[in-house]
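Chemist: Provided below are the primary sequence and the corresponding predicted coordinates.
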2 protein chains.
Amino acid sequence: MRLENLPEIRKFKLFKTMSEENFDAVMQAAYLQNFPAQVRLVTEGDEADFLFLVVEGCVELFATANGREATMAMIKPVGSFILAAVIKDARYLMSGRTTEKSRILMIPAKNIRDSFEKDSAFALAVVTELADCYRSVIKEYKNLKLRTAVERLANRLLEYHCEQGETGVIELPYDKKRLAALLGMTPENLSRAFVTLKPYGVTVSGSSITLSDMKGLITLAKPNLLIDRHAG
Amino acid sequence: MRLENLPEIRKFKLFKTMSEENFDAVMQAAYLQNFPAQVRLVTEGDEADFLFLVVEGCVELFATANGREATMAMIKPVGSFILAAVIKDARYLMSGRTTEKSRILMIPAKNIRDSFEKDSAFALAVVTELADCYRSVIKEYKNLKLRTAVERLANRLLEYHCEQGETGVIELPYDKKRLAALLGMTPENLSRAFVTLKPYGVTVSGSSITLSDMKGLITLAKPNLLIDRHAG
DNA sequence: GATACGACTTGATATTTATCAATAATGGAG
DNA sequence: CTCCATTATTGATAAATATCAAGTCGTATC
C-alpha cells in the first residue's frame, strides 16, 4: 500500500494499539482501492481471503436463498466486514457490494490471523471489534423479531435524526429500495409505513424527511437502550 | 470451585489450550452450580458480571420489548453465553433462564478479561468462540429474513434429524411453545405448520416426529450450507 | 423542451401470520 | 388414580405484509 495513506489507516480503532512492527507488516500486504458503485466485493460461500475495511463510501452486506435476497447491514466508514469468517478461516456468510463510490482497504486474512497471535494489543482490538459486530447483529435480530415494520421505520428515523444532529430534518442515507430491504420489508410497504407515520409528524419529500412531532413519534417507536443507538 | 470438577471443565474448547496457571486462577474464582428449571440466570440490561457456560441442561436466551418476548437461542452443553457483553464490559442484551434442571459454570467477567490479556492461547480460544457465536446469529438472522415459517420448521426438523442420528424419528428437544418462539412464530402457527408438512411425510405424535419422505421434505426445506448445520 | 428511464407511490388483492376463543390432550402433585 | 394446570390443537377472524398492476414523479439525456 502507498505510504501516504498509512497515517490515516493507523488511526482506525482496529490498528491504533498495534505495535509499529506488526502494523507495517500487515500494511505491506494490504491494498487500498477505489471502487465505483455497485461492485461486488465478496460473494457468500467464497473462502475468506481478505478482511475488508470501508474507508470511504458504503458497502451493503446481503444474503440470498431460494431466489430471495435480504440486506443484512450497511457498512459505513470506518467499519470492517466479515471479520468472523477471516478469524475462523471459513466461508463468507454474506455478500458485499458498494452502494456508492467507495474506498476499501483489503487485508489478506492470513496477515490478520498471524498478527492476532503475535500482538496481544491487536488481539484485544480484534476481539473488541468482533464483540461490537456481534452485539449489532443481536440488536438487529431483536429489532426484527420484536417490532412491526412501522415501528422499525420509526426507530430508524429517530436513529438518523440523532446521527444527523437533531435538526428536525433528516436526509435518508440510501435510496428507499435499500432502506426497505434493510428494514426487512418491501418498497411498497415502506411507502405505506411512511403514510402511517404521517399523523406522527413525519413528512416525506424525496429523500428528505421532516419530523415535526418528536414526542408522538417516540411514543410510537418506543426506542430501547438494548436495541437502538439513539435511545436514552 | 470444587477440585473434582476441574478435569471435566478443562476439556471445554474454551479452556483446553489455556496455560495451567491461568486456568487455575480462573477456576479459583468460578462457581459450578446446579439450578432447577425456570430459573432466571441473567436479565437484559444488567451489567455483565459473569460469563456462563452450560455444563448440563439447557438455557433459553430471550429478549423483550413492548411487552413482547422473543426467544433468541437455546444453549446446550457445552455452550457459553453472553461472551460479548463480558468482553466489552457492557450490559447484557439478552436474558437467560434454564428450561430444565441445569448445571452452570459461572466465571467472573474480570477473570475472563484478565486472562485474555495474559494468555494468548486463551485469547485465541475466546475469539474463536465469539466468531462462532457471531456466525450462528448471522445464520439465524438469515433464516428469519429469507424463509417462511413452514420452511424454518422444515429445516429445523432436518437439523434435529441430523443431530439425532438420521433414524427417521426425532424427539423434539423442547416443548412446542418454546420451539415456536425459537422459530419466530406463535404456538398456533407451529401447529398449523406441522399440518402443512403432513403431505411431506411429517407425522406428529406428541414430542415425537416421524419423517417418512426425506426427499420431499428436503425439496420443500431447501437446506443451505450457509444457513443450516444439517445442509450438504 | 421532449423523451425515456428508473424510482417511488397507490390501489386492489392474495398470502402469511397473529389473535381470540373453545376444546382436547398431557403430565405432575397429591 | 384423579384432579388440576399447563400445553397443544383447531376454528374463526383480524392484522400485517407481500404481490401484482397501474400510475406518477423526477431527472438525466439528447
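Modeler: Cool, got the structure. Worth saying up front: this structure is predicted, and the values here are computed from it rather than measured.
Chemist: residues contacting the closest residue to A:Arg40 other than its chain neighbours?
Modeler: Of all residues not flanking A:Arg40 in the chain, A:Arg97 sits nearest, at 4.8 Å (Cβ to Cβ, 6 or more residues apart in numbering or on different chains). Every C-beta, even on glycine, is put in place using the N, C-alpha and C of the backbone. Under the criterion of Cβ atoms under 8 Å, 6 or more residues apart in numbering or on different chains, the contact list for A:Arg97 reads A:Gln38, A:Val39, A:Arg40, A:Leu41, A:Val59, A:Glu60, A:Phe62.
Chemist: swap the cut-off to 10 Å and go again
Modeler: By Cβ atoms under 10 Å, 6 or more residues apart in numbering or on different chains, the contact set of A:Arg97 is A:35, A:37-43, A:58-62.
Chemist: who wins for neighbours among these?
Modeler: A:Val59 (26 neighbours; other Cβ atoms under 10 Å in any protein chain shown).
Chemist: quick one, what contacts the residue positioned nearest the centre of chain A?
Modeler: The centroid of chain A falls nearest to A:Ile75 when counting by Cα atoms, centre = their mean (2.7 Å). Each residue near A:Ile75 by Cβ under 10 Å, 6+ apart is listed here: A:52-54, A:57-61, A:81-82, A:96, A:98-99, A:102, A:104, A:133.
Chemist: near chain B, which of the residues you listed show up?
Modeler: Taking Cβ under 10 Å from any Cβ of the partner chain as the test, chain B is in contact with A:Leu61, A:Cys133 out of these.
Chemist: closest one of the contacts of A:Ile75 to chain B?
Modeler: Among the contacts of A:Ile75, A:Cys133 lies closest to chain B (Cβ to the nearest Cβ), at 6.2 Å.
Chemist: that closest one contacts A:Ser80, correct?
Modeler: Yes: using Cβ atoms under 10 Å, A:Cys133 is in contact with A:Ser80, at 7.7 Å.
Chemist: strands of chain A, start to end?
Modeler: Assigned by DSSP state E, the strands in chain A fall at A:31-35, A:40-42, A:50-56, A:59-65, A:68-75, A:79-81, A:95-98, A:102-108, A:169-171, A:202-205, A:208-211.
Chemist: okay, those strands in CSV with distance to DNA strand C and mean pLDDT next?
Modeler: Formatted as CSV, the strands of chain A follow (distance: least, Cβ to the nearest atom of the strand, whole Å; pLDDT from 0 to 100):
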stretch, distance to DNA strand C, mean pLDDT
strand A:31-35, 18, 95
strand A:40-42, 16, 96
strand A:50-56, 21, 97
strand A:59-65, 13, 97
strand A:68-75, 12, 97
strand A:79-81, 23, 96
strand A:95-98, 14, 96
strand A:102-108, 18, 97
strand A:169-171, 12, 97
strand A:202-205, 5, 97
strand A:208-211, 10, 98
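Chemist: wait, which of those is closest to B:Glu21?
Modeler: Closest approach to B:Glu21 among these (Cβ to Cβ): strand A:50-56, 32.3 Å.
Chemist: any idea how far the closest one is from the chain center?
Modeler: 11 Å (Cα atoms, centre = their mean, to the nearest Å).
Chemist: ditto for stretch A:170-188
Modeler: Worked out by Cα atoms, centre = their mean, stretch A:170-188 lies 14 Å from the chain centre.
Chemist: now swap in stretch A:42-53 and tell me
Modeler: 16 Å.
Chemist: still on that earlier bit, can I get the strands of chain A in JSON lines with distance to DNA strand D?
Modeler: Shown next, in JSON lines, are the strands of chain A (distance: least, Cβ to the nearest atom of the strand, whole Å):
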{"stretch": "strand A:31-35", "distance to DNA strand D": "20"}
{"stretch": "strand A:40-42", "distance to DNA strand D": "23"}
{"stretch": "strand A:50-56", "distance to DNA strand D": "21"}
{"stretch": "strand A:59-65", "distance to DNA strand D": "13"}
{"stretch": "strand A:68-75", "distance to DNA strand D": "7"}
{"stretch": "strand A:79-81", "distance to DNA strand D": "24"}
{"stretch": "strand A:95-98", "distance to DNA strand D": "19"}
{"stretch": "strand A:102-108", "distance to DNA strand D": "20"}
{"stretch": "strand A:169-171", "distance to DNA strand D": "13"}
{"stretch": "strand A:202-205", "distance to DNA strand D": "8"}
{"stretch": "strand A:208-211", "distance to DNA strand D": "10"}
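Chemist: counting neighbours, what do you get for the closest residue to A:Ser191 other than its chain neighbours?
Modeler: Spatial nearest neighbour of A:Ser191, chain neighbours left out: A:Lys176 (7.6 Å); criterion: Cβ to Cβ, 6+ apart. Number of residues near A:Lys176 (other Cβ under 10 Å) recorded here: 15.
Chemist: isn't A:Lys176 up against A:Arg192?
Modeler: No: with contact defined as Cβ under 10 Å, A:Lys176 does not reach A:Arg192; the gap is 11.9 Å.
Chemist: quick one: contacts for the spatially most distant residue from the centre of chain A?
Modeler: Here the centre of chain A is the reference, and by Cα atoms, centre = their mean the most remote residue is A:Pro199, at 30.3 Å. By Cβ under 10 Å, 6+ apart, the contact list for A:Pro199 reads A:Asp213, A:Gly216, A:Leu217, A:Leu220.
Chemist: please read off the pLDDT at the spatially closest residue to A:Leu158 that is not a sequence neighbour from the model.
Modeler: Closest residue to A:Leu158 apart from its sequence neighbours, by Cβ to Cβ, 6+ apart: A:His230 at 4.9 Å. Per-residue pLDDT puts A:His230 at 93.
Chemist: which ones are touching A:His230?
Modeler: A:155-163, A:166, A:218, A:221, A:223.
Chemist: which bits of chain A sit near DNA strand C?
Modeler: By Cβ under 7 Å from any atom of the strand, the residues of chain A that approach DNA strand C are A:Asp175, A:Lys176, A:Lys177, A:Pro187, A:Glu188, A:Leu190, A:Ser191, A:Arg192, A:Phe194, A:Val195, A:Val204, A:Ser207.
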